[in-house]
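>>> Let's see this in three dimensions:
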Amino acid sequence: MSNNFNDNFDLKIIKPLNKLQRSINKNVMIRLKNDIEYRGKMTNVDAYMNVILNDAEEYADGTLSANYGKVVIRGNNVLFINIKPDILM
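As a prediction, the model looks like this:
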């Protein structure tokens, strides 16, 4: 029996920034550290994970609180980004 982890699994390493850059023009949900969520189409992301969303909607406590055309979200405020083409918009 091998003790090498890679012998048992075929791992594919995916870098988060590369995944985000390949997900341009997809619908995303972004949760901020203050528990506010934004949903929209991610049109750009940079090396600091600053994100631009088009047709953005803001949700507070799961309730739609505002509609925006374009939103710029600073990367240091982001808790996580959920990339899903099937997010209900």
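>>> Now for the residue nearest to the spatial centre of the chain: which residues touch it?
By C-alpha atoms, centre = their mean, the chain has its centre lying nearest to residue 81, at 2.4 Å. Contact analysis of residue 81 by C-beta atoms under 8 Å, 6 or more residues apart in numbering lists 20, 28, 29, 30, 31, 42, 49, 51. The C-beta positions use only the backbone N, C-alpha and C, and glycine is treated the same way.
>>> Could you measure from the first one over to residue 50?
Taking C-beta to C-beta, to the nearest Å as the measure, residue 20 falls 11 Å from residue 50.
>>> neighbour count winner among those two?
residue 20 (19 against 15; other C-beta atoms under 10 Å).
>>> Helix or strand: which one has the more buried one?
Element membership for residue 20, per DSSP states H and E: helix 16-22.
>>> What average pLDDT does that helix get?
Mean pLDDT, helix 16-22: 90.
>>> send the alpha carbons of it over as PDB?
Listed next in PDB are the C-alpha coordinates belonging to helix 16-22 (Å, rounded to 0.1, in the frame of the first residue of the first chain):
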ATOM      1  CA  PRO A  16      -9.000  30.100  -8.300                       C
ATOM      2  CA  LEU A  17      -8.000  33.200 -10.300                       C
ATOM      3  CA  ASN A  18      -7.800  31.100 -13.500                       C
ATOM      4  CA  LYS A  19     -11.200  29.600 -12.800                       C
ATOM      5  CA  LEU A  20     -12.700  33.100 -12.300                       C
ATOM      6  CA  GLN A  21     -11.100  34.400 -15.500                       C
ATOM      7  CA  ARG A  22     -12.500  31.500 -17.500                       C
END
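>>> re earlier: out of the contacts of residue 81, which sit inside helices?
Residues of the contacts of residue 81 located in helices (DSSP state H): residue 20.
>>> Turn the contacts of residue 81 into JSON lines, including distance to residue 64.
What follows is the contacts of residue 81, written out as JSON lines (distance: C-beta to C-beta, whole Å):
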{"residue": "20", "distance to residue 64": "25"}
{"residue": "28", "distance to residue 64": "16"}
{"residue": "29", "distance to residue 64": "13"}
{"residue": "30", "distance to residue 64": "15"}
{"residue": "31", "distance to residue 64": "15"}
{"residue": "42", "distance to residue 64": "19"}
{"residue": "49", "distance to residue 64": "24"}
{"residue": "51", "distance to residue 64": "19"}
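>>> Nice, that's everything, thank you.
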